[in-house]
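In: the following comprises the amino acid sequence and a computationally predicted model.
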Amino acid sequence: MKQQKTSLLRNNAVQTLLASLLCILLGLLIGYIALLLINPAGASEAITTIIKNFMTYSKPATQLKNLGNTLVKTAPLLMCSLSVLFAYKAGLFNIGAAGQYVVGAGAGLYCALAWQLPWYLCLLASILAGAALGAVSGLLKAYCNVNEVISCIMLNWISLYAVNTLLNLVKEETSPYTLNLLNTSPGSALPSLGLGALFSGNKYVTIAIPLSVLVAVAVWVLLEKTKLGYELKATGCNKFAAQYCGMQEKKNTILTMAIAGGLAGMGAALLFLTGFEQWQCTQSSVPGMGFNGIAAAFLGGLNPLGTILSSYFIQHITNGGAYVDKTMYSAQISDFISALIIYLCGFVLFFKFTLNRWLDRRDEKRTKAAQADPQKGGMAE
Amino acid sequence: MEQTYAIEMLNITKRFPGIVANDNITLQLKKGEIHALLGENGAGKSTLMSVLFGLYQPEEGVIKKDGQAVQIRDPNDANALGIGMVHQHFKLVECFSVLDNIIMGVEPCKHGFLQKGEAREKVIALSEKYGLHVDPDALVEDITVGMQQRTEILKMLYRDNEILIFDEPTAVLTPQEIEELMQIMRNLAAEGKSILFISHKLNEIMSVADRCTVLRKGRYIGTVSIQDTNQKELSRMMVGRDVEFVVHKEPAKPGKTILEVEGMTVASKAHSNNAVKNVSFTVRAGEIVCIAGIDGNGQTELVYGLTGLEPLKGGKIMLEGQDITDASIRKRSTMGMSHIPEDRHKHGLVLDYTLEDNMVLQRYFEPEFVSKAGFLKRKAIRDYAARLIDQYDVRSGQGPITVARSMSGGNQQKAIVAREIDKDPELLIAVQPTRGLDVGAIEYIHKQIVAQRDAGKGVLLVSLELDEVMALSDRILVMYEGEIVGQLDPKTTTVEELGLYMAGAKREGA
Amino acid sequence: MILLLQYMLIFASVLMLVALGGCFSEHSGVINIGLEGIMVMGALGGALMMKFLPAGVPAVAIILLVVLASILLGMLYSLLLAVAAINFKADQTLVGTAMNLLGTAAATVFVKAMNTAEDVDNVSSIIQYIGPKRAFLVNIGSFEFNWFMLLALIALVVSYVTLYKTRFGLRLMACGEHPQAADSVGINVYRMRYAGVLISGMLGGLGGIVYITAGVSEWKFENGVAGFGFLALAVMIFGQWKPSRIALAALLFGFFRALGNVYTGFDFLKAMNLPAAVYNMLPYIISLVVLAFTSKKSRAPKAEGIPYDKGQR
């Protein structure tokens, strides 16, 4: 029995899960402490509100509808986290998911609102725009040795201003927001296929949600089962070895960033083409979706299937944050908690290392004990 | 007392998770002697020296200086006790000047500001006294390896160290430079310095040391006086059995030309000169051509140029009659070029991949291992890896699914050798294939290389070890400053002559 | 024209301070992507000090206290990076990114909570500091001199001297180039890296307060510092990790940033009728172009980004 337990703890997936849970717990705990410091009176209620999210409502129908809302925003987050994860597997830190998401939103919305193109073309436009932006970072990295983190950040801001300018052409006259998608171009909205009915008639619930899960599975298959995945991961682990065995690491770098960009761009389409949100053309900061994607990717243990869960979790608490009592706390408390979680994810390697060393020591002691006293050792077996 | 020891390490034991690196080792260094520490790679020499230098703390054992027990917690303590060390991999900051490197850690200062004037005078005086010529203001990255070593020695002398440790100091030097170093060591000993000389080269130990302590697999084997011993006995102590230094091989029967290089020139990354200058040579089927030379004379770049890791600035490469000058790395590989790289961690393996994934690194794209739709055939990969592991005796914890990082250096190298040889190449390029391996693995890899030759393949071997060059090659090409300065026949040449070519003191046609 | 010069100098001061901060951190061997978050924290510290200083405090005291508050908060915040990167060997890019997000989020949460506590209806994340800000300004003709410009210049000179003329600088750079070498001569690599990161926290925090007082008299903390920390990193790379070159690079980038603020004052620029977004984008585009041309022959500290492990050698 004990042998079994040891091997379970040694299992990498189990360790990852443990580490992620620990990050979540610590993140929530510190968030709770922050709430306590701000205003002790409502802290407990606020943290439960964040964790409960849609369950704050008492009516099941309303709960379901709001679960739908959380899921609508989980889909783009999942795409962004897949984008970050995909690049990270190939050794690149795609902090540019935020910018790729922005251009994806710009391209998709413009195609929808200005030209009233059907939804699949708008979706394609978003993917291509994101991919193109990602490819720029990839090109700069491959041919000019520009650190992708820096170039991505620069491109994030450039994209934001560019998209603001572009979407200014299709905005409502009286507000800074883009035209309402469902009124202006219903054909550009993602089809619901009756999914909305499942969530108490939430009209924003569309194929976006199952689509994002499918993409997650596809990314997993691509990384684990295919030749391309083998090459990209090899490039990520050791680009010199990749070059040595004849992989074209420059091409792979660009391809990786393009795919990552496409994923993030698609994420934007999966949100904005539901009509759930309108773009605010006076935005002065890059939307947090791409950055939260980093949190989800790492919290999910850098496994595409794990990110499905972690994306939902991050979105769950982000949405939950919207319900806290505004007279005491701000909704950004959720951002604060997810930022904390990313920070804590930095300690995961150390956690695994320490855990493994502890297991090593324990095993060594056991074997020693077994050698010193074979009968007793035999009993323990 | 009949004998005072400068330093004594008594019954030292140092464990790391899973292994005992030093098991009850005793080493006693007399004042003014040159004491050799002999052992194979992994015998525990480096660990023992790290303990002496304060980098590790031993679990058991005592260190005594002049008969007094001392605690050495960090290099500062070691320095305070007058212990200094020339590390195998120099501990020099490349973009600093020689002087900055020498004073680093013991900088002469006024209110935190550096006062280099006095230091410079002391360094110049020391370098004149011991014949260690080096320009204190030159940047370390601009000077030769030999000068870098002298900088390291000056570093110890500047600190007035009495106990000097030399960790494998001759690996990077020419035979002539080695002779100079031996002389420097003798001078230092004559001045009363006590020297610990770590090596696995028996002839050097026989020529310079007074006594020798032998370690094997972390254990203390014994200490002998050099006068009372010989190379054979030392090698038996080191390896634990009689070792054949001769590689058995039949005379070569060279066939058709496999590789033809003409006027090859490769730019250097480190400096504005070309690293390889207008080099031409051929390799024929069934012969081992060896590129000899001191590290950093263009061998690395030559191989990069041949294998496609670096583009050529000029010249032409023909493989089996086909021009591959501009061919991609993959093309060269599929055309029959195998490459055992110099740095197995940098190029040879994806350390975080499993052994099986590393085994197919050069073949994963072949129809045998990947379907038309681009999916990997996992079963085929597993079977293939299992066969290689079995055939080439690659040992690992969990077989094909062992993560390469967790394997020993020797088995990592065996895996690479297996992968490159099993590709059934026409030309095998092996760069320092035995670096850092123990005698058993070295013998094994040498046999494999000779077997390739006997199977009618062309072999190009790049080696820094003269013994290896002499034992394996059918033809020797010597590289000096990016050029081939001589072609020698190992049967008729001597190590001394080879050394003259390597040092640039002699060249053909001059 | 004078306005352009004024803005250029103040933005260059920000970039220089923060880039010098990054320079110290990287020379010690730690990549500091989190400068953006450190700036936010420094800005927050300074802004709070200005908000809560009673009226009638002499200008010199205001300057000192504000600078001190920014530096202190910046340094405290940089400890997050130091602990994670040096003691726990965390991925420095990941931790830096987290710090950027955390900085903005924490500052927003804090300021909003503070504002709401004062006035239930105030849910903004804005701090105003119109009055105390005047302490930093001296009018020389129509040129508005800011004491921070002098401070940046002092920081530049001190950085140069520290890096190249002192024992501390020699040891610091050794840790970023070849930590094993530094360790072997008894230099405590961990301690030097802490020093490098803390200095970057100090300069980054200072840069933060300079940034939010440049041109405006209130700051909305939800916006963070708009990628200025990253622009500073670009300045540092363009400056090849050398203080003197960083100063030049900062002036160049400061110029383009300043254009965005004052382009309406130039008739020929106005005549071109470009959208404001172009000027907003300009510094980022320029930095990308510059990086594309300068990154190939980068002389980054060799050991930067690699956690130092005493056991591995």
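Out: Looks like it arrived, so ask away. Quantities reported herein were computed from a predicted structural model and do not represent experimental measurements.

In: and chain B, is the host helix or strand of C:Ala181 touching that?
Out: C:Ala181 belongs to helix C:179-184 when elements are defined using DSSP states H and E. Yes: residues of helix C:179-184 contacting chain B under C-beta under 8 Å from any C-beta of the partner chain: C:180-184. (Each C-beta comes from the backbone N, C-alpha and C, glycine too.)

In: mind putting those residues in CSV, pLDDT, neighbour count and distance to C:Phe143 included?
Out: CSV is the format used below for the residues of helix C:179-184 next to chain B (pLDDT from 0 to 100; neighbours: other C-beta atoms under 10 Å in any protein chain shown; distance: C-beta to C-beta, whole Å):
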residue, pLDDT, neighbour count, distance to C:Phe143
C:Gln180, 90, 18, 51
C:Ala181, 91, 24, 48
C:Ala182, 92, 29, 46
C:Asp183, 88, 22, 50
C:Ser184, 86, 25, 53
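
In: buried residues in whatever helix or strand comes next after the helix holding C:Ala181, which are they?
Out: Stepping forward along the backbone from helix C:179-184, the first helix or strand reached (DSSP H and E) is helix C:189-213. By neighbour count on 16 or more other C-beta atoms under 10 Å in any protein chain shown, the buried set for helix C:189-213 is C:189-190, C:192-213.

In: closest residue of the stretch 351-500 of chain B to chain C?
Out: Going by C-beta to the nearest C-beta, chain C is nearest to B:Arg405 of the stretch 351-500 of chain B, at 12.6 Å.

In: what sits against that residue?
Out: Neighbour list for B:Arg405: B:351-352 [criterion: C-beta atoms under 8 Å, 6 or more residues apart in numbering or on different chains].

In: give me the pLDDT for it.
Out: The predicted structure scores B:Arg405 at 86 on the pLDDT scale.

In: that older thread, what comes into contact with the helix holding C:Ala181?
Out: Residues from elsewhere that reach helix C:179-184, judged by C-beta under 8 Å, 6+ apart: B:53, B:55, B:75, B:85, B:87, B:90-93, B:101, B:104-105, C:29, C:171, C:174-175, C:189, C:192, C:303, C:308, C:310, C:313.

In: now the buried members of those.
Out: For the contacts of helix C:179-184, a burial check counting by 16+ other C-beta under 10 Å picks out B:53, B:55, B:75, B:85, B:87, B:90-93, B:101, B:104-105, C:29, C:171, C:174-175, C:189, C:192, C:303, C:308, C:313.

In: out of those, which sit inside strands?
Out: In this view, the buried ones among the contacts of helix C:179-184 that belong to strands under DSSP state E are B:Met85.

In: the residue lying closest to C:Gly46 once chain neighbours are set aside: what's it in contact with?
Out: Leaving out its chain neighbours, the residue that sits closest to C:Gly46 by C-beta to C-beta, 6 or more residues apart in numbering or on different chains is C:Ile209, at 3.2 Å. Taking C-beta under 8 Å, 6+ apart as the criterion, C:Ile209 is in contact with C:42-43, C:45-47, C:66-67, C:69-70.

In: rerun that using 7 Å as the cut-off
Out: Applying C-beta atoms under 7 Å, 6 or more residues apart in numbering or on different chains, one finds that C:Ile209 lies in contact with C:42-43, C:46, C:66, C:70.

In: all set now, cheers.
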